[in-house]
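K.L.:
Compute the structure for the input listed below.
(chains A, B, C and D)
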4 protein chains.
Amino acid sequence: MCRWLAYSGSPILLDSLIFKPKHSLIDQSLHARLGPHTTNGDGFGIGWYGSGEQPALFKGVDPIWNDRNLRELASEICAGVIFAHIRASTGTPVQQTNCHPFRHGKWLWMHNGQIAGFQQVKRELVMAIDPALYPFIEGSSDTETFFFLALSLGLADDPPGAVERAVAVIEQACGDQGIEHPVRMSLAVSDGRTIWAFRYSTTGDPPSLYYSTRIDTLREQYPDVPVFRTLSEESRLVVSEPLGDLDGAWNEVPPSHYGIIQPGQDELHAFSPPH
Amino acid sequence: MCRWLAYSGSPILLDSLIFKPKHSLIDQSLHARLGPHTTNGDGFGIGWYGSGEQPALFKGVDPIWNDRNLRELASEICAGVIFAHIRASTGTPVQQTNCHPFRHGKWLWMHNGQIAGFQQVKRELVMAIDPALYPFIEGSSDTETFFFLALSLGLADDPPGAVERAVAVIEQACGDQGIEHPVRMSLAVSDGRTIWAFRYSTTGDPPSLYYSTRIDTLREQYPDVPVFRTLSEESRLVVSEPLGDLDGAWNEVPPSHYGIIQPGQDELHAFSPPH
Amino acid sequence: MCRWLAYSGSPILLDSLIFKPKHSLIDQSLHARLGPHTTNGDGFGIGWYGSGEQPALFKGVDPIWNDRNLRELASEICAGVIFAHIRASTGTPVQQTNCHPFRHGKWLWMHNGQIAGFQQVKRELVMAIDPALYPFIEGSSDTETFFFLALSLGLADDPPGAVERAVAVIEQACGDQGIEHPVRMSLAVSDGRTIWAFRYSTTGDPPSLYYSTRIDTLREQYPDVPVFRTLSEESRLVVSEPLGDLDGAWNEVPPSHYGIIQPGQDELHAFSPPH
Amino acid sequence: MCRWLAYSGSPILLDSLIFKPKHSLIDQSLHARLGPHTTNGDGFGIGWYGSGEQPALFKGVDPIWNDRNLRELASEICAGVIFAHIRASTGTPVQQTNCHPFRHGKWLWMHNGQIAGFQQVKRELVMAIDPALYPFIEGSSDTETFFFLALSLGLADDPPGAVERAVAVIEQACGDQGIEHPVRMSLAVSDGRTIWAFRYSTTGDPPSLYYSTRIDTLREQYPDVPVFRTLSEESRLVVSEPLGDLDGAWNEVPPSHYGIIQPGQDELHAFSPPH
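P.N.:
Purely as a prediction, here's the structure:
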């Protein structure tokens, strides 16, 4: 079912984010606590906004706990907006083109969850994608289809609205096929400046999602923790599972809500796909 | 541009077919002589009709010359109909789901060549595929799209006719986009009993294709070559490049023709996609 | 910490052994119950005595639960002596040359456990290997070193004695370095006719190991289970973890013992490395 | 037989070095001109001195022409000392632990050539390695053995002397086994500040090796080539094959010589292993 984390703030080394925490993504790849799969070993991907025009990607089909190149790069790559994802496939092949995050232009997209009965609705959903975008689809995953649907429905102008409209299209298509519980998602999207993080499911419990407490609050609560003094107050993490045990450091994103992490005040809003 | 071989006849070990010949597929993966690429290191695939209901597949994304598992299996797998393919990608990603041969039910399909301007016509071609078949598409290659198009156009009932109709659809779609030289192909298809091998291109020279001389003829010409005595008279090879230098052992398939390898008399016919 | 199974008996498909059981090796790769690691995703290997002079091997560095080629081969490969192993690395790199089973001539060898402090004693142990065997060492694992040590100490003539002597050498070398708990092992060795299975640790609990009850007994106890009627009475499994829940089907190998699975009567003996 | 390049100078993007040149390493992986192998598809490796205490490595077992992660990183990694290598195996397995460059502490080492009859002398050479260094050996290649031998013989204090002494040890061991033409090498070593590049073979022609002309000379000769104005005068490349066709840009390293690329004046010296 996957696990992910999204970071925005002071430039930090991948190492601090991916390897150092107590319940890091590496730990979650073997011992996830809050999802149906303890193991997330079907590949991984890191995306970061670096020196190029578009974000850079590093993906592997091997389990993240084994990837030596990632360990090397973790001490070399430093960025202010970072996406990291570990995959537990919901059926589509394990190949680099099915690893998250997905990229189109300056946009990054990653997901935990699934489109239920995807094979039955895939053709309809793919056909709803803007023909001009169709050639950019490389893989076969539900997540990538979802991404290109959102791009077709105005992601570049209004990410929350586009994601709501995309979910509506998916729910409609699944409904037509009698597929129950069509959408489960925790989702992160970024253009390199802002991160939108969504938590939603058509019915029942959506996948877990947490955001970190404001840095200035954490600094007061924990004056002896050095990292809270070095990180800027803009710094924020959104995660499938808390990376550590510090009381008060993590806050659940309510179901059917999305957060906006941006310069200045971050926001939390209701997420309401049209029905 | 790929190289392939198809075999039908007495059951033989993969080893005899893939590793032993003088100019084997292994040699062709490094030193192909008759195509634009000397190197065909973008993965490989073997298909054979064994004990199961459908043919079995063994595919790798590593260069065939490095695959140790294949060397092991080559001494263990014995079959009477074998497809083997080495890939030089024409643009789509190197991943197992893009390696040939492709399989659907009892059908195997492999290809050397390309659909020119594929990204421009892909959506149209994929949409022309029978919606009931759409969920079986796993990869992103032009070859796989071509296969499913042929399946949609009656491959199961009339392979040559279906391939002709599929080529016509492709040429039409490319023509609408102003794409020149749309189709270049040497193609092999089998249902486990018969092999159809095609050589065609819309314009210009199609990829090379040869078939082996009848075994009884070779037995007379070369009474000292042991293998000609052990192979049945039904035994036939179709190859991108001759596997050896024996005079009179290899015959060019004429452009715009296809061969049928079957129990009893094999046949050669004109290949004429409707325009 | 790895999991493995060894089978001897009526020729069966790999599929029956590796994929079909309720708590199969595939299940154990994600949800092992009796070892310190629930996940064993650091590669896998299958060895079987087929048509060649030496046993054949199929190994992968990907998690066994993802390997599509293995699923294909499982329906094609049939043998009377089969070794299957899934790996959780104890430190050495994840690469095919470190996957079990290891092979030398007609011998297969696989292991669950470790040589503690291996990097400190490796040079000494490797130097104790017969120089004529040294060039055959391909990887860097403790298991492979253990194997070649046993080969050097007479495995071909007296497997239990050679394993005892090898353990003694390892315990001596570790003792000299002050390494505690030097050897933990469940181990399987075969020459294609006999399987020797060992369970031992220098101190404390050795890794789990079970052998299946005699087929004639199981046939009486469970007259409605079809497989007990089709398997020969010689058929026997030795496993890290029981493959299913049937009462009375599995028996623990006592610590510091080894079993011999052979035509006719199987045996159980004390395992006593000289001190 | 491998191809490599070593760069020292103004910090540049990997992309400029590895992808952009006319006859880049990518081109050489498919169409090498000056070695016995046109294809060098048995893995690759990049090492660079970045922000960490030791140089960083990125290695792959896939052919360099297919590696998508490398293309991504090429636009992100910038360094002043870079080693890049593409491999054509001389017999040892294709695995990450056999890819160059090799690293120990601050040292990088890569090689084109071979130790002839390596399997016959390997044990002797490995035993000559300092026992304290033995645990750091990860792979099975002749190049890595050569590296650790040189480390054992004083590489940290006197690289040219240590390499000479290591070659002498290898030639002696091979001579004892009646192995002719024991050593062929073009070799690069660096500590992050200096690069030593060697060209030598016991008998006959050593592998090709070239160094770039001084930047100030190239700037005068080619005032219209922009890169000669942006690179510092310290900038220097050493390559198996020239990366382009510019007259006067490339100079052959004479056989049995080594170059020192360092701040200030670079040097060229005779390379004379003691006999």
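K.L.:
Name the surrounding residues that touch the one helix or strand residue A:168 maps to.
P.N.:
Here residue A:168, judged by DSSP states H and E, is contained in helix A:159-176. Helix A:159-176 is contacted from outside by A:115-117, A:121, A:124-125, A:128, A:146, A:149-151, A:153-155, A:182-183, A:185, A:187, A:189, A:191, A:196, A:198, A:200, A:202, A:258, A:260, A:269, A:271-275, using Cβ atoms under 8 Å, 6 or more residues apart in numbering or on different chains. Backbone N, C-alpha and C define where each C-beta goes, glycine included.
K.L.:
and the next element down the chain from that helix?
P.N.:
Next helix or strand after helix A:159-176 toward the C-terminus (DSSP H and E): strand A:183-190.
K.L.:
what pLDDT, on average, does the next helix or strand after that next one get?
P.N.:
For strand A:183-190, the succeeding helix or strand toward the C-terminus, using DSSP H and E, is strand A:195-201. When pLDDT is averaged over strand A:195-201, the result is 98.
K.L.:
and strand A:195-201 with strand A:183-190, angle?
P.N.:
180 degrees (axes from the mean of the first three to the mean of the last three Cα atoms, to 10 degrees).
K.L.:
With only the CA atoms kept, save strand A:195-201 in PDB.
P.N.:
What follows is strand A:195-201, C-alpha atoms only, in PDB (Å, rounded to 0.1, in the frame of the first residue of the first chain):
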ATOM      1  CA  ILE A 195       3.000  21.200  -1.600                       C
ATOM      2  CA  TRP A 196      -0.600  20.000  -1.600                       C
ATOM      3  CA  ALA A 197      -1.200  16.900   0.600                       C
ATOM      4  CA  PHE A 198      -4.600  15.100   0.400                       C
ATOM      5  CA  ARG A 199      -6.200  12.500   2.600                       C
ATOM      6  CA  TYR A 200      -9.400  10.900   1.300                       C
ATOM      7  CA  SER A 201     -11.300   7.800   0.600                       C
END
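K.L.:
what's the average pLDDT for whatever helix or strand comes next after it?
P.N.:
Past strand A:195-201, further along toward the C-terminus, the next helix or strand under DSSP H and E is strand A:210-212. Confidence for strand A:210-212, expressed as mean pLDDT, is 96.
K.L.:
List of residues touching the helix or strand following strand A:210-212?
P.N.:
Counting by DSSP H and E, the next helix or strand C-terminal to strand A:210-212 is helix A:215-221. With Cβ under 8 Å, 6+ apart as the test, helix A:215-221 has contacts from A:9, A:212, A:225, A:228-229, A:231-236, A:246, A:248-249.
K.L.:
ok, 10 Å please
P.N.:
A:9-10, A:212-214, A:225, A:227-236, A:246-249 (Cβ atoms under 10 Å, 6 or more residues apart in numbering or on different chains).
K.L.:
gap between the least confident helix or strand in chain A by mean pLDDT and the chain center?
P.N.:
Ranked by mean pLDDT, DSSP states H and E, the weakest helix or strand in chain A is helix A:227-230, scoring a mean of 86. Taking Cα atoms, centre = their mean, to the nearest Å, one finds helix A:227-230 lying 24 Å from the centre of the chain it belongs to.
K.L.:
Residue numbers of the stretch 101-250 of chain A in contact with chain B?
P.N.:
Applying Cβ under 10 Å from any Cβ of the partner chain, we find that the stretch 101-250 of chain A lies next to chain B at A:118-124, A:126-127, A:129, A:131-140.
K.L.:
Just give me the neighbour total for residue A:267.
P.N.:
For residue A:267, the neighbour count with other Cβ atoms under 10 Å in any protein chain shown is 11.
K.L.:
out of everything not next to it in sequence, what's closest to it?
P.N.:
Leaving aside its sequence neighbours, residue A:267 sits nearest to residue A:260 (Cβ to Cβ, 6 or more residues apart in numbering or on different chains; 4.4 Å).
K.L.:
Quick one: residues contacting the one you found.
P.N.:
A:159-160, A:194-197, A:266-269 are the contacts of residue A:260 under Cβ under 10 Å, 6+ apart.
K.L.:
Just give me the neighbour total for whichever residue of the stretch 151-275 of chain A sits closest to chain D.
P.N.:
Using Cβ to the nearest Cβ, the single residue of the stretch 151-275 of chain A nearest to chain D is residue A:192, 14.1 Å away. By other Cβ under 10 Å, 19 other residues sit near residue A:192.
K.L.:
related to what we said a few turns ago, is the residue nearest to residue A:267 in a bridge, and if so with what?
P.N.:
When bridges are called by DSSP bridges, residue A:260 pairs up with residue A:196, residue A:267.
K.L.:
Tell me how far it lies from residue A:193.
P.N.:
For residue A:260, the distance to residue A:193 equals 11 Å [Cβ to Cβ, to the nearest Å].
K.L.:
for residue A:160, same thing?
P.N.:
15 Å.
K.L.:
what about those two, which has more around it?
P.N.:
Higher neighbour count among residue A:160 and residue A:193: residue A:160, with 17 against 13, using other Cβ under 10 Å.
K.L.:
re earlier: need the buried ones from the contacts of helix A:215-221 selected in PyMOL.
P.N.:
A single PyMOL command selects the buried members of the contacts of helix A:215-221 (16 or more other Cβ atoms under 10 Å in any protein chain shown):
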select buried, chain A and resi 9+212+213+228+231+234+235+236+246+249
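K.L.:
where does the stretch 51-200 of chain A come near chain C, residue by residue?
P.N.:
A:61-63, A:65-68, A:88-89, A:93-94.
K.L.:
same for chain D: which of the residues you listed are within range?
P.N.:
residue A:68.
K.L.:
List buried residues within the residues of the stretch 51-200 of chain A next to chain C.
P.N.:
Neighbour-count burial (16+ other Cβ under 10 Å) is assigned, among these, to A:61-63, A:65-67, A:88-89, A:93-94.
K.L.:
which of those sit farthest apart?
P.N.:
A:65 and A:93 (20.6 Å; Cβ to Cβ).
K.L.:
Could you report the neighbour count for residue A:78?
P.N.:
16.
K.L.:
pLDDT score for it?
P.N.:
Reading off the model, residue A:78 has pLDDT 94.
K.L.:
So which residues of chain A form strands?
P.N.:
All strands of chain A, identified by DSSP state E, fall at A:3-13, A:44-48, A:56-60, A:78-86, A:102-104, A:107-115, A:183-190, A:195-201, A:210-212, A:236-239, A:250-252, A:257-261, A:267-270.
K.L.:
Give me the below-cutoff pLDDT ranges for chain A.
P.N.:
Nowhere does chain A drop to pLDDT under 70.
K.L.:
80 instead?
P.N.:
A:1, A:36 (pLDDT under 80).
K.L.:
Please list the residues of it that sit near chain D.
P.N.:
Of all the residues in chain A, those lying near chain D are A:13, A:15, A:46-48, A:50-60, A:68-79, A:96-97, A:103, going by Cβ under 10 Å from any Cβ.
K.L.:
again, only this time at 6 Å
P.N.:
Contact residues, chain A versus chain D (Cβ under 6 Å from any Cβ of the partner chain): A:50, A:52, A:56-58, A:69, A:72, A:75-76.
K.L.:
Show me which of those are buried.
P.N.:
Among the residues of chain A next to chain D, those buried by neighbour count (16+ other Cβ under 10 Å) are A:50, A:56-58, A:69, A:72, A:75-76.
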